[in-house]
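In: show me how the following folds:
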Amino acid sequence: PGSQNRKMLVLVLGDLHIPHRSNYLPNKFKKLLVPGKIQHILCTGNLCAKESYDYLKTLASDVHVVRGDFDENLSYPEQKVVTVGQFRIGLCHGHQVVP
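Out: From the prediction side, this is the model:
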């Protein structure tokens, strides 16, 4: 079979707020995060600490993060477009959007 039939697992997450609002990921969730099982991680911001980013990098080599309003790392972009397979996915945190 060609690469078009290959399945990919993409984790989309945001607002972890570790360690500001929570000290850790819940164990029930963490058990699902097996290194090498996830191909792409897309984060919509508020990882907050570098340790959270470092942890995500142990799970997948392709990690994309945009800046949230509580992120310590100001080098994350405000927005980003990522291509995953045949899909183009736009990422933003949303704190910039004012109704």
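In: so for the helix ranked longest in the chain, mean pLDDT?
Out: Looking across the chain with DSSP state H, the single longest helix is helix 50-59. In this model, helix 50-59 carries a mean pLDDT of 92.
In: was I right about residue 25 contacting residue 18?
Out: Yes - assessed by CB atoms under 8 Å, residue 25 is found in contact with residue 18 at 7.3 Å. C-beta: built from backbone N, CA, C; applies to glycine.
In: the residue nearest in space to the middle of the chain pairs with what?
Out: Centroid-nearest residue in the chain, with CA atoms, centre = their mean: residue 43, separated by 2.4 Å. Listed by DSSP bridges, the beta-bridge partners for residue 43 are residue 13, residue 65.
In: distance between the one helix or strand in the chain whose mean pLDDT sits lowest and the chain's centre?
Out: Lowest on mean pLDDT, DSSP states H and E among the helices and strands of the chain sits helix 27-30, with a mean of 88. In terms of CA atoms, centre = their mean, to the nearest Å, the centre of helix 27-30 is set 16 Å apart from its chain centre.
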